[in-house]
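>>> following is a predicted model, sequence given first.
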Amino acid sequence: MQEVVPINSAHRRLLDALGAANSSTRLQAALAAGTHPDTGLVETLVTRCAIEPDFFVRDMLTWALTRLPPELTVPRLLAELRSERAQARSQALHTLSKIGDRSAWPAITRSLLHDADDEVARSAWRAAVVLVPPGEKQGLAAELAAQFGRGDRNVRLSLSRALVALGDVIESVLERGSASDDPTVRAHARATQRLLRDPDAGFDPDIDEAKRIAALGPERVEGTAC
């Protein structure tokens, strides 16, 4: 007769595998956790998300969490949003966006949307556009547009894509951004307008123009215009 392995022993082995030095072992463990969902693993999976160094393993951990009941995972993920560890906040936001439970919307605070850590802020933007109720979209657009010009190209593109995902409600904030006295803000807003009109359009030309203005000064740029 085949021996029945106690559930605690199975959890112990999975926990050990999730903490293995080899990323392939950790990936297989996360895959197993999602393939055979077990409500007893919520804490283990969320805790591992906060410290897992490999992107692909983190994504598999998120998938495993989406396979579990939201009434168990969502409260635990919401608690992670208060963590001092940036990766814990970022991964929790990412997982909440994948679960898509709109009851989590009130937890997407202004503080998270403006988090000093770019990866946390980017995850908050993506989660927000998934979870926002229709009546809150205009306010969210204003919060996002207030960060025009933030970060490097990847951060700015993430912000633009989040805004575009909100649809036509962003047109007024884009108009205000396009009229800004700050050339970096103005360029970012215009690049976002182009993405709204054509999602396949390039993103860089306006950003490059902002860099040129910052380097030369607006008067000198105007003097070189044809």
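All right, it came through fine. Numbering: from 1, shown residues only.

>>> so the residue nearest to residue 87 when sequence neighbours are not counted versus residue 125, what's the distance?
What sits nearest to residue 87 in space, not counting adjacent residues and going by C-beta to C-beta, 6 or more residues apart in numbering, is residue 50, at 5.7 Å. (Each C-beta comes from the backbone N, C-alpha and C, glycine too.) According to C-beta to C-beta, to the nearest Å, residue 50 stands 20 Å off from residue 125.

>>> looking at the two, which has the bigger crowd around it?
More crowded of residue 50 and residue 125, by other C-beta atoms under 10 Å: residue 125, with 28 against 18.

>>> what helix or strand does that one sit in?
Assessed by DSSP states H and E, residue 125 sits inside helix 118-131.

>>> elements contacting that helix?
Other helices and strands packing on helix 118-131, by 3 or more C-beta pairs under 8 Å, 6 or more residues apart in numbering; DSSP states H and E, are helix 86-99, helix 110-113, helix 137-145, helix 153-165.

>>> send the alpha carbons of the third one over as PDB?
Put plainly, it is helix 137-145. Only the C-alpha atoms of helix 137-145 are listed here, as PDB (Å, rounded to 0.1, in the frame of the first residue of the first chain):
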ATOM      1  CA  LYS A 137     -11.500  56.900 -13.900                       C
ATOM      2  CA  GLN A 138     -11.300  60.700 -14.300                       C
ATOM      3  CA  GLY A 139      -9.700  61.000 -10.800                       C
ATOM      4  CA  LEU A 140      -7.300  58.300 -11.600                       C
ATOM      5  CA  ALA A 141      -6.300  59.900 -14.800                       C
ATOM      6  CA  ALA A 142      -5.500  63.100 -13.000                       C
ATOM      7  CA  GLU A 143      -3.300  61.300 -10.500                       C
ATOM      8  CA  LEU A 144      -1.400  59.500 -13.200                       C
ATOM      9  CA  ALA A 145      -1.000  62.600 -15.400                       C
END
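
>>> show me which residues of it are buried.
Residues of helix 137-145 classed as buried by neighbour count (16 or more other C-beta atoms under 10 Å): 137, 140-141, 143-145.

>>> same check on the shortest one?
Along helix 110-113, the positions that meet the burial threshold by neighbour count (16+ other C-beta under 10 Å) are 112-113.

>>> contact partners of that helix?
Identification of contacts with helix 110-113 by C-beta atoms under 8 Å, 6 or more residues apart in numbering yields 81, 89, 93, 120-121, 124-125, 128, 140, 143-144, 147.

>>> can you give me the first-to-last residue distance of stretch 64-82?
Terminal residues of stretch 64-82 are spaced 22 Å apart (C-alpha to C-alpha, to the nearest Å).

>>> and that stretch, average pLDDT?
Averaging pLDDT along stretch 64-82 yields 97.

>>> quick revisit: let me have the buried residues of helix 137-145 in a markdown table, extended by distance to residue 114 and pLDDT.
Formatted as a markdown table, those follow (distance: C-beta to C-beta, whole Å; pLDDT from 0 to 100):
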| residue | distance to residue 114 | pLDDT |
| --- | --- | --- |
| 137 | 18 | 97 |
| 140 | 12 | 98 |
| 141 | 14 | 98 |
| 143 | 8 | 97 |
| 144 | 10 | 98 |
| 145 | 12 | 97 |
